[in-house]
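Enquirer: With the sequence up front, the predicted model follows.
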Amino acid sequence: MLEWKDNVILLSSKPYGEAGIIASVLSEKNGRYKGFVFGGHSKKKRATFQKGNLCTAHWKSRTSEQLGSLKIELIKSTAPNIMGQPIQLSALSSVCDVFDFILPEREPNQKLFNATIKLFELLKLSDSINFSWVKGYINWELGVLSELGFSLKLNKCAVNNDCKNLAFVSPKTGRAVSYNIGLPYKNKLFILPKFLGGNYYQENINEDVLNGLIITKFFINMNFFKNSHLPSSRIRLQKQLENKLSKV
């Protein structure tokens with residue numbers, strides 16, 4: 001018998017059979033797992049299986065090849081704390097949907113688990129006017145890329161190793177490019193946000209966060225969704241922020 005007990009983040013749940021569900025969770029110490037939850041589709045337990053919830057889980061299986069079963073108990077709900085904030089709800093869904101697709105099964109990554117818990121706390125502390133939390137979301141996506149082997153190199157210019165006059169990011173290499181070198185080709189490059197070390201804009205938080213989202217969206221899509229579609233929640237998040245920030 002194989003089994004573990006751990007804290008988990010609920011990523012998704014799908015009905016299976018008359019009253020059961022297949023749940024996908026990110027475990028703190030064991031990685032992403034799926035398992036069958038008996039009675040998980042009942043009205044009594046439905047609130048437990050919402051995306052982003054922090055839970056305790058007990059997974060067990062007779063063999064490593066089997067799906068296994070999960071017993072899940074709620075520790076803390078996440079979505080109700082941001083229920084009146086649709087953009088933050090989209091961010092929450094995007095985190096869970098991206099993870100559910102790209103994370104390899106049963107490979108531990110406590111660093112990503114902890115970073116995600118911190119991001120959820122940041123979402124709860126945010127409001128509908130202050131969008132500084134988006135920087136945290138962008139850094140979360142950069143961290144995901146790095147942990148899964150697709151780290152962007154944004155600390156120095158790919159051409160001349162300059163660390164002070166960075167302004168662009170190459171879509172081909174994921175590396176920063178200095179202002180003078182990249183300016184003639186700026187239409188083919190991404191603008192590096194100021195909070196990530198860029199100096200193209202003197203101070204424009206709206207442009208900064210939107211440019212950051214463009215960069216991480218591109219590289220996540222290129223590295224993980226070539227033969228499929230980027231989750232609708234991630235697309236919706238970017239459109240909502242574009243619409244909101246254009247009016248600020």
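Expert: Looks like it arrived, so ask away.
Enquirer: What residue spans form the domains of this structure?
Expert: Residue ranges for the domains of the chain, per automatic domain parsing: 2-77, 80-245.
Enquirer: Take the ones you listed and lay them out in a markdown table including mean neighbour count and mean pLDDT.
Expert: Any C-beta I mention is one placed from the backbone N, CA and C, and that applies to glycine too. Formatted as a markdown table, the domains of the chain follow (neighbours: other CB atoms under 10 Å; pLDDT from 0 to 100):
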| stretch | mean neighbour count | mean pLDDT |
| --- | --- | --- |
| domain 2-77 | 17 | 93 |
| domain 80-245 | 17 | 93 |
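Enquirer: Remind me what the longest helix along the chain packs against, helices and strands.
Expert: If you go by DSSP state H, the chain has its longest helix at helix 205-224. Applying 3 or more CB pairs under 8 Å, 6 or more residues apart in numbering; DSSP states H and E, we find helix 205-224 packed against helix 86-102, helix 133-147, strand 190-191, helix 232-245.
Enquirer: for stretch 153-172, how far is the first residue from the last?
Expert: Start-to-end span of stretch 153-172 (CA to CA, to the nearest Å) is 12 Å.
Enquirer: the inter-axis angle of the longest strand seen in the chain versus helix 86-102?
Expert: Secondary structure of the chain read by DSSP state E shows that its longest strand is strand 2-16. Going by axes from the mean of the first three to the mean of the last three CA atoms, to 10 degrees, strand 2-16 is angled at 120 degrees with respect to helix 86-102.
Enquirer: Which neighbouring elements make contact with strand 2-16?
Expert: Applying 3+ CB pairs under 8 Å, 6+ apart, we find strand 2-16 packed against strand 20-27, strand 31-37, strand 54-61, strand 69-76, helix 86-102, helix 110-125.
Enquirer: And the longest one, how far out from the chain middle?
Expert: Put plainly, it is helix 86-102. Distance of helix 86-102 from the chain centroid (CA atoms, centre = their mean, to the nearest Å) equals 6 Å.
Enquirer: Which residues are in contact with the most centrally placed residue in the chain?
Expert: Most central in the chain under CA atoms, centre = their mean is V95, positioned 3.4 Å from the mean C-alpha point. V95 makes contacts with G52, T116, L119, F120, W140, as judged by CB atoms under 8 Å, 6 or more residues apart in numbering.
Enquirer: and if you look at F38?
Expert: By CB under 8 Å, 6+ apart, the contact set of F38 is A19, G20, S69.
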